[in-house]
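Asks: This is a predicted model, with the sequence first.
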Amino acid sequence: MPKFAAAARSALADTGLRRNLRGGIAAAREREAAAAAELGGWDDLREAGRAIRDAALLDLDAHLEELERAVTEAGGTVHWAADAAEACEIVTGLVRAAGADEVVKASSATTREIGLTAALARAGVTARETALADLAVQLGDDEPSHLLSPALHRDRAEIRELFRRTMPAAGPDLTDDPAGLAAAVRVHLRERFLRARVAVTGANFLVAETGTLVVLESEGNARMCLTLPGTLISVAGIDKVVPTWADMEVFLQLLPRSSSGDRMTPYVATSTGVTAGDGPRAFHLVLLDNGRTRALADEVGRTALRCIRCSACMNVCPVYERAGGRAYGPVYPGPIGAILTPQLRGVDSAADASLPYASTLCGACADVCPVKIDIPDVLVHLRGTVVESRRRRPVPPPELMLMRGLAWTMGDPRRYETALRRGTRWARLLSRGGRIRRLPGLLGKWTEARDLPAPPSESFRAWWTRRRP
Amino acid sequence: MTASGEGPGGGSRAEVLRRVREALGGARGTRPPVPRRYARRLTDDEAVNRADVLALFTERVADNRASVRHVSADELGTAVAAALWGREAKQIVVPADLPFGWLAELDGVRALADTPAVDVDTLAAVDGVVTGCAAAIAQTGTVVLDGGRAQGRRALTAVPAYHLCVVHADQIVGTVPEAVERLDPARPLTWISGPSATHGIEMVRVEGVHGPLHLEVLVVED
Amino acid sequence: MRVALSVACFDDALFPGTGKAVTVLLERLGHEVAYPPGQTCCGQIHWTTGYHREAADLARAYTAAFEGCEVVVAPSASCAATVRDGYPRIARTARDPGLARAAEGLAVYELTEFLVDVLGVTDVGAYFPHRVTYHPSCQSARTLGVADRPLRLLRAVRGLDLVELPAAGECCGFGGAFAMKNSDVSVAMVADKVRHVRDTGADVVCAVDNSCLAHIGGALSRLRGGVRTMHLAEILAETGPA
């Protein structure tokens, strides 16, 4: 995975992608703003959402045990996975035990995070994505670019070409009308749904008190997954817990309005264990850590675990709008990805360490977050984590030397004044016609596309001293 | 649970719980107060009386791109039949305990009761399904099924292309909190707000993917 | 009132006109301006880039330089935001309750907050016969919440033709180190900001942050965009021919 800046550079050059992003998220942004404004007391609801998520996280061990008890009592089985490999191993074992070589899969960022489809493929099991956009990503052998709409980087014409190429049933007269494309997906997957013996889904929420799995979706594919196959396997991060069923009254208002801008997502399906004569005969819940406890251990960083995966933050982010989701790497896109991914994976790699810097700290994300995650605050905090990890290197990076030197200079007014005089003289030598068109070293990035005004010969403090001796 | 971390369902139960406890440290077990200042009932701007609640429900169901009609109790049989004729339905599936009167006027439409349970191929082949509901929400235009009386198992409403849902006026609550309070999470719940839809292409909303392509709601007023 | 002026290091070197304009403006309104000589930099660059130890050192020096001042005015929203919103966080990170107390003891205002809220003026007697558009910088609008204070001040300037900036609330793409570390995205953002600025037909774009203005102005200058940037204080200081 390349660093964010490098990945973003190629995304910026993809004009089709730029248009798709601009159009898609502008519409989503407006829908969400309208849905939030319509409901009086939106901020009260966000405040409750924030507090419930905090309460869930700060007593997480008790809630997880309560959840396990409730799921087990309702006829389900709970599995615990410390990391991605273990989660994949558990799911693969369950699929094998059910005697299936194919599973239907409902949209889930968590299963993408652990690379489940590839792991199942290695075991000879085909995982079929069933949500339209996930299917498009899978058929195109592509990476997702948005939490809610993973094929956002493709327009309707590209999706039509992809479907024509990869869906045997889609004839040459398939047009690029989105309704027609949706109909083609319905036909393509119908038989698979009817014959599937195992379904794999994620979870939007897990209610500790009652052991209830809550899934929000719009296409009906998750409802099929939750009801038709004999075995249901749900993979969920341990952060998905909410304490009580009553708490759902908050999230069933916050999530739909913040994610698709609907008053209510077309389908909300809840399922508690196994119900006789209705739905799967076996229910397995796989609880996943995979770095979440690392985030939980960070008093500032843990607020990122409040996230309910609505995608509102990416829809308002000016950086996401231009760089697209794939620049954030394979886990979570957008501002939330920039604070979650480095916590889940650590900041050892240059790519993961570049994510907290993939923001201007403009704060648009924090304004819309339904659970009030102060994303800029966590970004700055994680930048500190990155710098601290670099301080220990045997050869200090140039930026560290520069920033230390700058702080030393600024630490004393006399040193600062001397540097100011020298810097001004030096900068004026580089300037022509009152502006600087090329700066050396790290600052050269600025002058790639922007001028810098030449500093006037007299600084403010020099003027002040001259004026009042 | 054993020392190796094997829990009842296998895997790293003890290890994950240990990490959680260690991560929380001194903060562990604190449950910060939850301020619940948000509205639990409809505001006066939204509805002052029962008629307003019903009107709001009707408006919001229509906003969700579902069809909605009001009928009186004695018109229900005729209304159900008319809706099915309108869709040119020949064969439908219904929960075994659907009130007999709802289908009393059916003529030329075959209703298969889900007893014994019909197989998935039949479910995929029928022209629609008729059910009642457990509750409905005015503010969001939602009907909720809980597998109780006149609703059947979940697959009945997941597979067919057309769903006709009968809502009694007294089942309609104002808001999401009122619905959550009234519903039992031990039952399998399906909240339905309009037909199946996707934002998967260019984030434009299109109706009709895997679930029912058409949702029709009949509100029965007494 | 005796006002302690806080001048950003960036403004001190590159935009000394801003500090001069604030001095002229506040004196014209009948106040005494002081410039505590111990000040250097608020530590914002170090804080937002992740050099938190260095930021804490600079924050301690800043609070020491302004200790005991009745009121501090900064014609830079991002510096005011660093002190008001950032210092408690810097103190938290450095586990330095002394710094938190020192920061709490400082009454730091961004210039337009000071004029409108503390002095209660919107008409400062300025005259500026130009077409002007206003860019609400992220730190002023979101972190400080200065809202329409800058616009109220601009509307009261005689001769000034204020035009609304399309998509005004969108970040210009500066973001401190972001402009260098992610220069490609940063440039893509400022390109749109410059387009919106030019669409207004204004000959001046103003803001309460010279850092954002250096970014927008740097792009306008490179493109010979025909629009100049000015800090809001410099407009408010203008009185025209006597």
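Replies: Looks like it arrived, so ask away.
Asks: going forward, measure contacts and count neighbours with C-alpha atoms only.
Replies: Will do.
Asks: Can you give me the domain boundaries for chain C?
Replies: C:2-118, C:131-237 (automatic domain parsing).
Asks: near chain A at all, the shortest one?
Replies: Yes. Domain C:131-237 lies within reach of chain A by CA under 8 Å from any CA of the partner chain, at C:138-139, C:142-143, C:170-171, C:173-176, C:178-185, C:187-189, C:214-215, C:217-222.
Asks: Is there a quick PyMOL command that grabs whichever of these are buried?
Replies: The following PyMOL line selects those of these that are buried, judged by 16 or more other CA atoms under 10 Å in any protein chain shown:
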select buried, chain C and resi 138+139+142+143+170+171+173+174+175+176+178+179+180+181+182+183+184+185+187+188+189+214+215+217+218+219+220+221+222
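Asks: Just give me the residue closest to the centre of the chain.
Replies: Went with chain A since none was named. Nearest to the geometric centre of chain A sits A:Tyr332, at 3.0 Å (CA atoms, centre = their mean).
Asks: nope, chain C
Replies: Judging by CA atoms, centre = their mean, chain C has its centre closest to C:Ser76, at 2.2 Å.
Asks: what residues go with each domain of chain A?
Replies: According to automatic domain parsing, the ranges for chain A are A:39-290, A:293-391, A:401-467.
Asks: Mean neighbour count, these: which tops it?
Replies: Neighbour counts (mean count of other CA atoms under 10 Å in any protein chain shown) averaged over each of those peak at domain A:293-391, with a mean of 23.
Asks: roughly how far out does it sit from the chain middle?
Replies: 8 Å (CA atoms, centre = their mean, to the nearest Å).
Asks: Give me the mean pLDDT for that domain.
Replies: What domain A:293-391 shows for mean pLDDT is 97.
Asks: okay, how far is it across it, tip to tip?
Replies: 25 Å (CA to CA, to the nearest Å).
Asks: what ranges do the helices span in chain B?
Replies: Applying DSSP state H to chain B gives helices spanning B:13-24, B:50-63, B:76-86, B:120-125, B:155-158, B:176-182.
Asks: Nearest to chain C, out of those helices?
Replies: Ranking those by proximity to chain C (CA to the nearest CA) places helix B:13-24 first, at 18.0 Å.
Asks: Would that closest one count as contacting chain A?
Replies: Yes. Residues of helix B:13-24 contacting chain A under CA under 8 Å from any CA: B:13, B:15-17, B:19-24.
Asks: ok, residues contacting the host helix or strand of A:Ile339?
Replies: Under the criterion of DSSP states H and E, A:Ile339 resides in helix A:334-345. Residues outside helix A:334-345 that contact it (CA atoms under 8 Å, 6 or more residues apart in numbering or on different chains): A:146, A:290-292, A:294-295, A:301, A:304-305, A:307, A:313-314, A:317, A:320, A:324-325, A:328, A:331-332, A:352-353, A:355-356, A:358-359, A:365, A:375, A:378-379, A:382.
Asks: which element follows it toward the C-terminus?
Replies: Defined by DSSP H and E, the subsequent element after helix A:334-345 is helix A:350-354.
Asks: Using CSV, list the CA coordinates for that next one.
Replies: C-alpha atoms of helix A:350-354 as CSV (Å, rounded to 0.1, in the frame of the first residue of the first chain):
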residue,chain,number,x,y,z
ALA,A,350,4.9,4.7,6.2
ALA,A,351,1.5,4.2,4.5
ASP,A,352,-0.4,3.8,7.8
ALA,A,353,1.6,6.6,9.4
SER,A,354,0.6,8.9,6.5
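Asks: what's it packed up against?
Replies: helix A:4-12, helix A:334-345 (3 or more CA pairs under 8 Å, 6 or more residues apart in numbering or on different chains; DSSP states H and E).
Asks: Out of the ones you listed, flag the one nearest C:Gly201.
Replies: Nearest to C:Gly201, of all the helices and strands packed on helix A:350-354, is helix A:4-12, at 27.9 Å by CA to CA.
Asks: so how far is that closest one from its chain's centroid?
Replies: 17 Å.
Asks: Point out the other elements, helices or strands, that that helix touches.
Replies: By 3+ CA pairs under 8 Å, 6+ apart, helix A:4-12 packs against helix A:15-38, helix A:318-323, helix A:350-354, helix C:183-199.
Asks: which of these has the lowest average pLDDT?
Replies: Lowest mean pLDDT of these: helix A:15-38, a mean of 93.
Asks: Next, the angle helix A:15-38 makes with the following helix or strand past that helix.
Replies: Per DSSP H and E, helix A:15-38 leads on to helix A:42-58 as the next helix or strand towards the C-terminus. Angular relation of helix A:42-58 and helix A:15-38 on a 0 to 180 degree scale: 100 degrees, by axes from the mean of the first three to the mean of the last three CA atoms, to 10 degrees.
Asks: returning to that earlier point: check the spacing between the residue nearest to the centre of chain C and chain A real quick.
Replies: C:Ser76 is 14 Å from chain A, where distance means CA to the nearest CA, to the nearest Å.
Asks: residue contacts, C:Leu151?
Replies: C:Tyr134.
Asks: which stretches of chain A have low pLDDT?
Replies: Chain A contains residues with pLDDT under 70 at A:469.
Asks: and the closest residue to A:Asp83 other than its chain neighbours, what does it touch?
Replies: Leaving out its chain neighbours, the residue that sits closest to A:Asp83 by CA to CA, 6 or more residues apart in numbering or on different chains is A:Asn290, at 4.0 Å. A:Asn290 makes contacts with A:81-84, A:344, as judged by CA under 8 Å, 6+ apart.
Asks: and if you look at A:Leu206?
Replies: By CA under 8 Å, 6+ apart, the neighbours of A:Leu206 are A:67, A:212-214, A:240-242.
Asks: Skip ahead from the helix or strand containing it and say which helix or strand is next.
Replies: Secondary structure assigned from DSSP H and E places A:Leu206 in strand A:205-207. On the C-terminal side of strand A:205-207, the closest following helix or strand by DSSP H and E is strand A:212-217.
Asks: what sits up against whatever helix or strand comes next after that following strand?
Replies: Per DSSP H and E, strand A:212-217 leads on to helix A:221-227 as the next helix or strand towards the C-terminus. If you take CA under 8 Å, 6+ apart as the criterion, helix A:221-227 is touched by A:104-107, A:130-131, A:193, A:199-201, A:215, A:232, A:267, A:269, A:271, A:278-280, B:154-155, B:158-159, B:210-211.
Asks: mind saving the C-alpha coords of helix A:221-227 as CSV?
Replies: What follows is helix A:221-227, C-alpha atoms only, in CSV (Å, rounded to 0.1, in the frame of the first residue of the first chain):
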residue,chain,number,x,y,z
ASN,A,221,-29.9,-8.8,0.2
ALA,A,222,-29.2,-8.8,3.9
ARG,A,223,-32.8,-9.8,4.7
MET,A,224,-32.3,-12.8,2.3
CYS,A,225,-29.0,-13.6,4.0
LEU,A,226,-30.6,-13.4,7.4
THR,A,227,-33.6,-15.6,6.6
